[in-house]
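**Student:** Model the following, please.
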Amino acid sequence: MNLNITGHHLEVTPAIRDYAQAKLERVLRHFDHVTAVHVILSVEKLRQKAEVTVHVRGKDIFVEAQDENLYASIDALADKLDRQVLKHKEKKKEHAHEALKHQATE
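**Tutor:** Below you'll find the predicted structure:
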């Protein structure tokens, strides 16, 4: 997995990098087919914003979250990403099950 963390109007400290990486690893252990992850952390006035694009086989998953605290926005981002990844995983699983079911009827 190729992980890229960048900051807009923000210096990405090692502590922030480690925190974001730990949260993303927790989420991405559900899914094996992740090729690249791109995280953008930014500051817009009083809002701290975190965005992530996860490249998986067949789809790109994009999630963003905002909060007054950067760590809270990373937490919210991880929760949203977890739901999206599980949803994508279930769709893939259902699609494979339907294909097997279709082959059995032929």
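**Student:** and the biggest helix by length in the chain, what other elements does it pack with?
**Tutor:** Of all the segments of type helix in the chain, defined by DSSP state H, the longest one is helix 70-105. Applying 3 or more C-beta pairs under 8 Å, 6 or more residues apart in numbering; DSSP states H and E, one finds that helix 70-105 contacts helix 14-28, strand 34-44, strand 47-56, strand 59-67. Glycine gets a C-beta too; all of them are placed from N, C-alpha and C.
**Student:** and residue 64, bridged to which residues?
**Tutor:** Going by DSSP bridges, residue 64 is paired in beta bridges with residue 51.
**Student:** how about the helices and strands packed on helix 70-105, which one is nearest residue 7?
**Tutor:** Comparison of the helices and strands packed on helix 70-105 against residue 7 by C-beta to C-beta identifies strand 34-44 as nearest, at 4.8 Å.
**Student:** distance of the closest residue to residue 30 other than its chain neighbours from residue 12?
**Tutor:** Spatially, and ignoring its direct neighbours in sequence, residue 30 is nearest to residue 85 (5.5 Å; C-beta to C-beta, 6 or more residues apart in numbering). Shown here: residue 85 relative to residue 12, a distance of 23 Å by C-beta to C-beta, to the nearest Å.
**Student:** which of those two has more neighbours?
**Tutor:** residue 85 (20 against 14; other C-beta atoms under 10 Å).
**Student:** Quick one: residues contacting that one.
**Tutor:** Residues in contact with residue 85 (C-beta atoms under 8 Å, 6 or more residues apart in numbering) are 27-28, 30-31, 54, 61.
**Student:** Of those residues, select the buried ones using a PyMOL command.
**Tutor:** This is how PyMOL selects the buried members of the contacts of residue 85, with burial counted by 16 or more other C-beta atoms under 10 Å:
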select buried, resi 27+28+31+54+61
